[in-house]
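J.: The sequence isn't on hand, but the structure is:
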């Protein structure tokens, strides 16, 4: 069964739909069919059925976190920095050439109002969009790739 990140814990599920935090529209559904994990990604006009989660950040997850942290801290000075300490779930849709096509902040429970004073969601999207060109395929069979992670607001 696939493990789905839910806040800070891993939860075992057969099928789950993930929603956009801003507009509450479905972003993707992940499910287990036999031994295979299947992902349906929803766009405004269509559903992409053949999508792979076999994609990684060049240098690994730790490098992705360090890259995101460096851009995150660059947006704050000591005077306007406010410790938040929240992990925000996100998804990145990449095309066959590994260009970032969409970034979504995913809805989660409990809903924590971390962005009342500062638009953290826009900052997260800006940082994740800047990862364009820093991904690699773990398979060569698909035209679309999905990466799901947690962005740590510190």
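T.: Thanks, I have it. It should be emphasised that the depicted structure is a prediction, and the values quoted were computed from it without experimental measurement.
J.: I figured residue 30 hits residue 41, correct?
T.: No: shown here, residue 30 and residue 41 do not form a contact pair, counting by CB atoms under 8 Å, at 9.6 Å. Any C-beta I mention is one placed from the backbone N, CA and C, and that applies to glycine too.
J.: So in terms of bridging, what pairs with residue 33?
T.: Taking DSSP bridges, one obtains residue 36 as the residues bridged to residue 33.
J.: Could you do residue 146 as well?
T.: Per DSSP bridges, the residues bridged to residue 146 are residue 93.
J.: Spit out the contact partners of it.
T.: When the contact criterion is CB atoms under 8 Å, 6 or more residues apart in numbering, the partners of residue 146 are 28, 39, 41, 51, 52, 53, 55, 91, 92, 93, 94.
J.: again, only this time at 7 Å
T.: Contact partners of residue 146, counting by CB atoms under 7 Å, 6 or more residues apart in numbering, are 28, 39, 41, 51, 53, 91, 93.
J.: what does stretch 51-61 contact?
T.: With CB under 7 Å, 6+ apart as the criterion, stretch 51-61 contacts 37, 39, 41, 63-64, 94, 131, 134-139, 142, 144-147.
J.: typed the wrong thing, it's stretch 62-76
T.: Counting by CB under 7 Å, 6+ apart, 57, 123, 127, 130, 151 sit against stretch 62-76.
J.: sorry, back to before: return the closest of the contacts of residue 146 with respect to residue 19.
T.: Nearest to residue 19 among the contacts of residue 146, counting by CB to CB, is residue 28 at 9.4 Å.
J.: ok, and the closest non-adjacent residue to the closest one?
T.: residue 41 (4.6 Å; CB to CB, 6 or more residues apart in numbering).
J.: Nice, that's everything, thank you.
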